[in-house]
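Q: From the sequence below, what's the structure:
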Amino acid sequence: MKVVIIGGVAGGATAAARIRRLDEQAEIVVLERSGFVSYANCGLPYYIGGVIQDQGELTLQTPESFWDRFRIDVRVGHEATAIDPEAKTVTGRNLATGETFTEHYDKLLLSPGAKPLAPPLPGLDSDLLFTLRTVEDTLAIRAFVEEHKPRRAVMAGGGFISLEVAENLAEMGLEVTVIQRLPHLMPPLDYDMASFVHNHMRAKGVNVLLDTAVTGFVQEGDTITTTVEGGEPIPADFAILAVGVAPETTLAKEAGLALGQRGSIAVNDRMETSHPDIYAVGDAVEITHLVTGEKALIALAGPANKQGRIAADNICGGDSRYKGSQGSSVLKIFDLTVAATGLNEGAARAAGLDYEAVILSPSSHAGYYPGGTVMTMKVLYEKKTLRILGAQIVGCDGVDKRIDVLATAMQGGLTVTALKELDLAYAPPFSSAKDPVNMAGFMAENLEAGLVRQFTWQQVDGLPRDGSANLVDTRTPEEVADGAVAGFVNIPIDQLRRRLGELDRDKPVYLVCQSGLRSYLACRILGQLGYTCSHLAGGYRFYGSVVLDRQASRQAFPCGMEK
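A: Below you'll find the model as predicted:
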């Protein structure tokens with residue numbers, strides 16, 4: 001059997017090695033357009049910033065190492081230009097010599113990945129404008145930074161790559177501006193969760209421009225100016241265009257393979273395309289979203305690697321199936337960790353789901369053990385079935401651990417209330433006896449049992465302030481002095497029982513505290529005394545992050561412990 005693989009990196013290289021492990025006699029040829037076949041794509045921003053100093057650390061395998069260990073014929077700098085499914089051939093050219101070639105195959109695997117989006121804007125041909133996809137792109141940006149010692153940089157786009165590069169450049173001392181067309185950075189997050197990211201980046205000196213569309217680039221000498229809709233031009237020494245990616249599917253389209261959304265390659269759960277003996281994996285393929293069951297594009301390394309293994313199994317006569325992805329992701333932004341899995345609120349609404357969200361601000365480990373930090377968690381679940389729809393976490397420590405537990409719970413089909421039963425490891429330096437994941441389950445159970453009701457930060461401004469409701473802040477006077485919601489009367493939780501006379505039992509009570517815990521306790525006190533009450537989801541800390549973001553202040557909530 002002869003297998004030709006177009007594209008290396010995650011899916012293609014994984015498939016090649018797996019095929020060899022399953023079939024020692026197979027002839028395997030990998031055609032890779034770039035000069036590197038298997039490299040740490042996600043590590044590229046950190047090489048630019050010097051965190052990864054050795055270029056060799058980015059290269060996981062070389063053509064020589066592939067041959068020595070696996071007897072796989074890897075040809076870098078070889079671009080496939082056409083596929084003939086009927087003749088079962090791939091034609092292409094050697095980019096170094098210009099020579100053309102034809103390869104016959106028994107099985108063909110497409111792993112072309114995704115390409116950076118390049119909207120039709122003026123100035124895209126500037127030699128001061130870069131994109132970041134390959135090792136060659138990374139080397140060019142780092143060489144530019146080392147040679148020209150730039151002071152200012154613009155990042156056009158607010159996704160993963162853009163923010164990682166922004167962090168690395170800022171850590172090198174550059175003045176960095178991030179421009180995002182959408183209302184917030186990091187589309188997997190909801191705006192309120194992303195507000196913590198905005199505030200933190202501003203606190204680190206990064207300029208964050210939201211709801212701002214880039215209209216073009218103008219180069220004058222050693223300066224590139226980014227023009228934006230309705231705003232002042234932004235001059236810089238160089239710019240990076242990182243507004244997203246699109247499936248690289250030109251070959252598949254020209255070969256007549258069936259396509260999915262946004263021109264992606266349509267595959268079944270065996271990673272088979274519409275044509276026999278042709279498989280496809282990675283960022284270029286359309287897959288099933290595990291939460292919605294709908295077709296989706298999820299350009300992440302984890303799914304690509306799994307798909308490569310499954311395609312390899314089936315190429316070698318097996319019957320492996322890819323069930324889909326829920327898009328679990330994690331990102332480092334300075335000393336923040338940002339993670340998400342499944343749906344956010346916008347996606348849940350778009351899917352027509354009736355959902356609820358619990359928001360909590362637990363410590364990364366036991367409060368009495370030194371060094372604990374606060375994280376913000378948001379867990380969405382479907383009201384009718386209680387299935388977990390998604391989660392988002394922003395914090396400093398322990399974020400990746402909790403998002404992985406939640407992602408596993410989702411894939412295992414656990415309900416949100418089942419989270420309270422999880423038997424998770426505990427010792428004071430690592431967690432609390434009631435882990436934050438357990439707490440999310442307790443909170444959802446309380447909501448579903450009617451033990452508490454909540455209102456959101458979006459509803460705060462609409463609360464009645466004409467005396468027809470009791471508005472109560474249960475924090476300490478010192479906390480209130482640092483910032484409070486207008487119109488709320490301060491009655492600390494420990495004084496509530498003796499100050500009940502200040503509340504009108506015939507009027508609804510709306511309660512606020514710092515994180516939602518004390519206001520919940522107040523709700524339980526008042527609810528059992530005949531009051532109708534609800535509390536602010538996420539508390540003032542959550543509400544305050546949104547307010548702070550809207551003020552575009554250079555402050556941010558610290559990672560340290562908060563009351």
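Q: how about low-confidence regions in the protein?
A: Flagging of the chain using pLDDT under 70 yields the residue ranges 39-41, 59-60, 553-563.
Q: Could I get the full set of helices for it?
A: Taking DSSP state H as the criterion, the chain carries its helices at 11-22, 44-48, 63-70, 135-148, 160-171, 191-203, 250-254, 301-315, 345-350, 399-411, 436-448, 477-481, 517-527, 539-550.
Q: Format the ones you listed as a markdown table; extra columns: mean neighbour count and distance to Glu229.
A: Heads up, the C-betas are built off the backbone N, CA and C, glycines and all. Output for those, formatted as a markdown table (neighbours: other Cβ atoms under 10 Å; distance: least, Cβ to Cβ, whole Å):
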| stretch | mean neighbour count | distance to Glu229 |
| --- | --- | --- |
| helix 11-22 | 24 | 37 |
| helix 44-48 | 23 | 27 |
| helix 63-70 | 15 | 46 |
| helix 135-148 | 16 | 26 |
| helix 160-171 | 23 | 18 |
| helix 191-203 | 24 | 20 |
| helix 250-254 | 17 | 31 |
| helix 301-315 | 23 | 33 |
| helix 345-350 | 17 | 23 |
| helix 399-411 | 21 | 35 |
| helix 436-448 | 22 | 40 |
| helix 477-481 | 13 | 40 |
| helix 517-527 | 20 | 41 |
| helix 539-550 | 21 | 20 |
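Q: right, and those - which one's nearest Ile359?
A: Taking Cβ to Cβ, helix 539-550 is the member of these nearest to Ile359, at 5.8 Å.
Q: now for the closest one, which elements pack on it?
A: If you count contacts as 3 or more Cβ pairs under 8 Å, 6 or more residues apart in numbering; DSSP states H and E, helix 539-550 packs onto helix 191-203, strand 376-382, strand 509-512.
Q: one more time with 10 Å
A: helix 191-203, strand 355-360, strand 376-382, strand 509-512, helix 517-527 (3 or more Cβ pairs under 10 Å, 6 or more residues apart in numbering; DSSP states H and E).
Q: Pipe those into JSON lines and attach distance to Ile310 per row.
A: Shown next, in JSON lines, are the helices and strands packed on helix 539-550 (distance: least, Cβ to Cβ, whole Å):
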{"stretch": "helix 191-203", "distance to Ile310": "32"}
{"stretch": "strand 355-360", "distance to Ile310": "31"}
{"stretch": "strand 376-382", "distance to Ile310": "28"}
{"stretch": "strand 509-512", "distance to Ile310": "50"}
{"stretch": "helix 517-527", "distance to Ile310": "44"}
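Q: Tell me which of these sits nearest to Arg151.
A: Per Cβ to Cβ, nearest to Arg151 of these: helix 191-203, 18.4 Å.
Q: Only C-alpha atoms, please: export the closest one in CSV.
A: Provided in CSV are the C-alpha atoms of helix 191-203 (Å, rounded to 0.1, in the frame of the first residue of the first chain):
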residue,chain,number,x,y,z
TYR,A,191,-18.0,39.7,26.9
ASP,A,192,-18.2,39.7,30.6
MET,A,193,-15.5,37.1,31.0
ALA,A,194,-13.4,38.7,28.4
SER,A,195,-13.5,42.0,30.4
PHE,A,196,-11.1,40.5,32.8
VAL,A,197,-8.7,39.9,29.9
HIS,A,198,-9.1,43.5,28.6
ASN,A,199,-8.5,45.0,32.0
HIS,A,200,-5.4,42.8,32.6
MET,A,201,-3.9,43.6,29.2
ARG,A,202,-4.4,47.3,29.8
ALA,A,203,-2.8,47.0,33.2
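Q: what about the residue of the chain positioned farthest from its centre, distance to Asn470?
A: Residue farthest from the centre of the chain, counting by Cα atoms, centre = their mean, is Gly501 at 48.5 Å. In this view, Gly501 and Asn470 are 12 Å apart by Cβ to Cβ, to the nearest Å.
Q: can you check Ala301 too?
A: Ala301 sits at a distance of 52 Å from Asn470 (criterion: Cβ to Cβ).
Q: and if you look at Arg181?
A: Arg181 sits 42 Å away from Asn470, going by Cβ to Cβ.
Q: same deal with Tyr322?
A: 54 Å.
Q: what do you get for Lys2?
A: Taken as Cβ to Cβ, the span from Lys2 to Asn470 is 77 Å.
Q: The two - which one has more neighbours?
A: When neighbours are counted by other Cβ atoms under 10 Å, Lys2 and Asn470 differ, and Asn470 comes out ahead with 23 against 14.
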